[in-house]
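What follows is a protein structure lacking sequence information:
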């Protein structure tokens, strides 16, 4: 494995959790080599990836400047990157209470947004048979999660989840938010996420205008061709 770049990054061309980590790597100006695993060939559960990540899921990050330190689980990777490489605290916070609030949102993203949106996507697009009750359940849960975010963001003076700036709390939601707007909730109960959840949608659009996000969206599109 070449160590010309600081990180080796095991990910996937469409895997949402990989792309959100890539956003932070780009924002921090860190160099990395992306290895896009082929899920149809089950590469995520084969060597060499499984040797680094026993869970056999993406993303997995190897930091060659820290003794080839290996970490998996996307939000754990976000925390590691800001702790070790965000010296200016651009994407994290210093206030003790705000640190806990930031962690709260990372847990909510993983257990709420990621879990429910992932199940919605599975039953809507990949499950071998259509199960309307399962699809409806997870669409409703996705709508509930978006509603939680919308209510909090509507009361936030800055329009961000923690403090007065964008943090990894916000970045962690980017890729699954896109799935909600364009797929999961697009036609659910009339769709129209923009008008039903205006604070959420404004936040979503603000995140999508970041140059790093636009750059990675372009890369993702090119990989799908």
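Everything's here; your move. It should be emphasised that the depicted structure is a prediction, and the values quoted were computed from it without experimental measurement. Numbering: from 1, shown residues only.

Pull out the buried positions in stretch 132-139.
Of the residues in stretch 132-139, those buried under the neighbour-count criterion (16 or more other Cβ atoms under 10 Å) are 134, 135, 138, 139. All C-beta spots, glycine's among them, are computed from the backbone N, C-alpha and C.

can you put the residues you listed in CSV and add distance to residue 110?
Listed next are the buried residues of stretch 132-139 as CSV, based on distance: Cβ to Cβ, whole Å:
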residue, distance to residue 110
134, 21
135, 22
138, 16
139, 20
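
Restricted to helices, list these.
Mapping those onto helices (DSSP state H) picks out 134, 135, 138, 139.

Do a quick rundown of the helices in the chain.
Counting by DSSP H, the helices of the chain are 16-27, 49-52, 74-85, 96-108, 115-121, 132-155, 168-171, 174-179, 193-196, 198-208, 211-224.

what does the first one rub up against?
Same thing as helix 16-27. 7, 9-12, 32, 34, 57-59, 61, 74, 77-78, 81-82, 90-91, 114, 118, 168, 171-176, 178-179, 210, 212-213, 215-216, 220 (Cβ atoms under 8 Å, 6 or more residues apart in numbering).

what's the neighbour count on residue 97?
9 (other Cβ atoms under 10 Å).

What of residue 99?
Residues near residue 99, counting by other Cβ under 10 Å, number 13.

Just to check, it is in contact with residue 83?
No: here residue 99 lies out of contact with residue 83, judged by Cβ atoms under 8 Å, at a distance of 10.7 Å.

overlap in contacts of those two?
Here residue 99 and residue 83 share the contacting residues residue 92, scored by Cβ under 8 Å, 6+ apart.
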